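In: Give the three-dimensional model of this entry:
(2 chains)
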Amino acid sequence: MARAVSTRRKIGFTIAAWAVGLAIFFPILWTILTSFKTEAEAISSPPSFLFFDWTLENYTTVQERSNYFRHFWNSVVISLGSTVLGLIIAIPAAWSMAFVPGKRTKDVLMWMLSTKMLPPVGVLIPIYLIFRDVGLLDTKTGLVIVLTLINLPIIVWMLYTYFKEIPGEILEAARMDGATLRDEIIHVLTPMAVPGIASTLLLNVILAWNEAFWTLNLTAAKAAPLTAFIASYSSPEGLFYAKLSAASTMAIAPILILGWFSQKQLVRGLTFGAVK
Amino acid sequence: MATQHSRSAARIMISPAVVLLLAWMIVPLALTIYFSLLRYNLLMPGTERFVGLLNYKLFFNNPAFFTALINTLLLVGGVLIITVVGGILLAILLDQPIWGQGIVRILVIAPFFVMPTVSALVWKNMFMNPVSGLFAEFSKAVGLAPFDFLSQAPLASIIGIVSWQWLPFATLILLTAIQSLDSEQMEAAEMDGASALSRFWYITLPHLSRAITVVILIQTIFLLSVFAEILVTTNGGPGNASTNLTYLVYARSLLNFDVGGGSAGGVVAIILANIVAIFLMRMIGKNLDA
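Out: I've put the predicted structure just below:
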C-alpha cells in the first residue's frame, strides 16, 4: 500500500457499509424472526424485535395444513431434475465447441444465447395448450422439460467459458502419448472440468428453484413447487404473518445458503462470461 | 489440429442441444404467430377462423395496451435507474477497506436468492400493509397516517420490490468490475490532486461503463418479463394501474381465454424484447473475439 489508510476513515466506511447491508438484509431477517412468533405477536403493536416467546409452532402448522413437504419435494425434483438433464445435454455440446471449434461455433453460441431472449410470455399460450393436450399440465415432468430448455443456453455458455480455460496443450500432450478420445475425456478432461460443472450445477439449481413464470402458469395443486405454493398465500392466508414467514423461511433457506457459495459463479453465469 | 474424425464427433455431440433449442424456439413461436391471426377463444371451441391482423388492431386500440406498455417501460426504467445508481454507490462503498467485508457482501447479495413470490408477499403483507405492516407501524410511531402503498401507488411499490431483488445483482457485477480497477492509476490521480469526485468521474465511471452496459441489458431482459411480483401483490390493479405487457397477455389468454388476442400481445412482447436483445448480443459477441 502506498499510503496507510487512516483508522478513522475505515471506521466510518465500516459503519456505513454495515448499516446499508443490514437495511438491505432486514426484510429477510424480519421474515425469519416472525416465523418464530405466535400470530398475535407477529402483528403486535409496537412490533417486538427479539424479546418474544420463540415457538416452532408455525413450522408444524404449515406442514400439517398444506402438506408443505410435498411442495418442497416438487421444488427439489424440478430444480435438480432440470439441471441434471440440462447438463447431460450441454456437456457434450460445450465440450465440442471449446475443444473442436469450427467456423460456425461462434454463431451457434450466439444463436443459443438468443433463444434466452425470447420472452416467456411470447410462447406461453402454445406451450400451455400443447401441455394441456398431452397431459403435461401440473406435472413435474412437464416443468422439468420447460426449465431444462429455458436454462439450457445458460448451462452451455457457463460450461463453455469454463472449458475454454482448460489449456489445450494438455490435450495435445495426451494425444501424443497415444490417448484415445475416451481416455482423453475420462482421465484428462473430467478432473479439470469438474469444478466448472459443479459451479454450473449450483447456479442452475438456484435459477430453477426460484423460477416463477412457468411454475406459476403450468402447475396447480399437484405438481406446484414452492414458488407456486407460496403464491397461494397471496390472500387472505398471507395475513397470517407467522405462518407466511415460516413457509417463506423454509422456501428460501436452502437457496440462500447455496447462493452464498456461488457468488462468483453468479457473475460469470448471468453475464454469459462478459464480466468475470 | 482437429481431425476429420473429431470434427464429426463434435457435430454429433452438439446436435442434441441445437435440435432441442431449435424446436423450443420455432414450434411455439410459429404457433404464437399463427394463433395471433385467428379468432380463437378457449370458451368457444370449434369457432376458430382466420381474421388477419384484426387481433393486432384490437390490441393496439385497447387503452389497456398503452397503459401496459407505459407501465412496462416505467417498471423497467425505474428499476434500472434505482439498481444501477444504487449498485454503483454500493459497489464503491463495499470496495473500501472495511471490517467484515465478506459478511456485508453476503448481506447485500441475499435478496437475489429470495424467490419472487416470497419477496413480493413479504413486502406486501409484512411491510406495505396499511394496517399491520411495519411501514404503517412506523408512520403511526411518528404520528403520520399510514399509507396504503399497493392501492395508492401500486406501480411504484412494485418498482420498489423488484429493485430490492435486483440491486444485489447490479452491485455484485459492478463490484467485480471495480475490483479489477488498477489501483496505481487511482493513487497517481490522487497524488496529482484530483478530487474524489473527479477521480470517480474520469477513472471509475469509464472503467465501469462496460459492466454497467451489461447490467442494463441483462436486467432489461428479465425486467420485461416481471410477472410473479404483480400476480401476488396487485393482480395488475387497481384497474390496469400495475399491469405490464407480460401480465396483460397472461390475463388476456389464461383468464379471459382469448388465445388470439393474447397471442398478438405475445408477438408484441417478443418484438420489444428483441430490440434489447440485439444490443446485448452485440456486446457479448464482441467479448467472444477478445
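In: Next, the contact list for residue A:205, please.
Out: A:79-80, A:83, A:255, A:258 (CB atoms under 8 Å, 6 or more residues apart in numbering or on different chains). Using the backbone N, CA and C atoms, a C-beta is placed for each residue, glycine as well.
In: Next, the buried residues of stretch B:239-251.
Out: B:240-251 (16 or more other CB atoms under 10 Å in any protein chain shown).
In: ok, for the residue nearest to the spatial centre of chain B, nearest residue in space, not its chain neighbours?
Out: With distances taken as CA atoms, centre = their mean, residue B:223 lies nearest the centre of chain B, 1.7 Å away. Excluding the flanking residues, the one nearest residue B:223 by CB to CB, 6 or more residues apart in numbering or on different chains is residue B:76, at 4.5 Å.
In: Quick check: the one you found is in a helix.
Out: Yes. Assessed by DSSP: H, G, I helix; E, B strand; the rest coil, residue B:76 belongs to a helix.
In: Just the buried ones from the contacts of residue A:205, in ChimeraX syntax?
Out: Selecting only the buried entries of the contacts of residue A:205 in ChimeraX, with 16+ other CB under 10 Å as the criterion:
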select /A:79,80,83,255
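In: Quick check: which of the contacts of residue A:205 are also close to chain B?
Out: Checking the contacts of residue A:205 against chain B by CB under 8 Å from any CB of the partner chain, the ones in range are A:255, A:258.
In: What is the neighbour count of the residue nearest to residue A:66 when sequence neighbours are not counted?
Out: Take residue A:66 and drop its neighbours on the chain: the residue closest to it by CB to CB, 6+ apart is residue A:229, 7.2 Å away. Neighbourhood size, residue A:229 [other CB atoms under 10 Å in any protein chain shown]: 24.
In: Packing partners of the helix or strand harbouring residue A:229?
Out: Applying DSSP states H and E as the criterion places residue A:229 in helix A:226-231. Packing partners of helix A:226-231 (3 or more CB pairs under 8 Å, 6 or more residues apart in numbering or on different chains; DSSP states H and E): helix A:68-99, helix A:190-210, helix A:214-218, helix A:241-261, helix B:116-121, helix B:228-233.
In: Is residue B:105 in contact with residue A:263, as I believe?
Out: Yes. Under the criterion of CB atoms under 8 Å, residue B:105 is in contact with residue A:263, at a separation of 7.4 Å.
In: So for these two, which sits in the more crowded spot?
Out: Neighbours were counted for residue B:105 and for residue A:263 using other CB under 10 Å; residue B:105 has more, 20 against 17.
In: Does at least one residue of the helix or strand hosting the more buried one sit close to chain A?
Out: In the assignment (DSSP H and E), residue B:105 maps to helix B:101-109. Yes. If you take CB under 8 Å from any CB as the test, helix B:101-109 does meet chain A, through B:101, B:103-109.
In: With respect to residue A:164, which of those is nearest?
Out: Closest approach to residue A:164 among the residues of helix B:101-109 next to chain A (CB to CB): residue B:109, at 26.1 Å.
In: The nearest residue to the closest one once chain neighbours are set aside: neighbour count?
Out: Ranked by CB to CB, 6+ apart and with sequence neighbours excluded, the top spatial neighbour of residue B:109 is residue B:168, at 4.5 Å. Burial of residue B:168, expressed as a neighbour count using other CB under 10 Å, amounts to 26.
In: Contacts only, for residue B:168.
Out: Residue B:168 touches A:24, B:108-112, counting by CB under 8 Å, 6+ apart.
In: repeat that with 7 Å
Out: B:108-112 (CB atoms under 7 Å, 6 or more residues apart in numbering or on different chains).
In: With residue A:189 instead?
Out: With CB under 7 Å, 6+ apart, residue A:189 has these contacts: residue A:166.
In: how much space between it and residue B:12?
Out: 17 Å (CB to CB, to the nearest Å).
In: Equivalent analysis for residue A:11, please.
Out: Applying CB to CB to residue A:11 and residue B:12 gives a distance of 61 Å.
In: Kindly report the same for residue B:224.
Out: 36 Å.
In: Pick out whichever of those two has more residues nearby.
Out: residue B:224 (23 against 11).
In: Name the residues of the stretch 151-276 of chain A found near chain B, please.
Out: A:152-153, A:156, A:181, A:206, A:209-210, A:212-213, A:216-217, A:226-227, A:230-231, A:233-234, A:238-239, A:241, A:244, A:248, A:251-252, A:255-256, A:259-260, A:263, A:266-267, A:270-275 (CB under 7 Å from any CB of the partner chain).
In: give me the low-pLDDT residue ranges for chain A?
Out: Residues of chain A that meet the criterion pLDDT under 70 lie in A:1-5, A:237-238, A:273-274, A:276.
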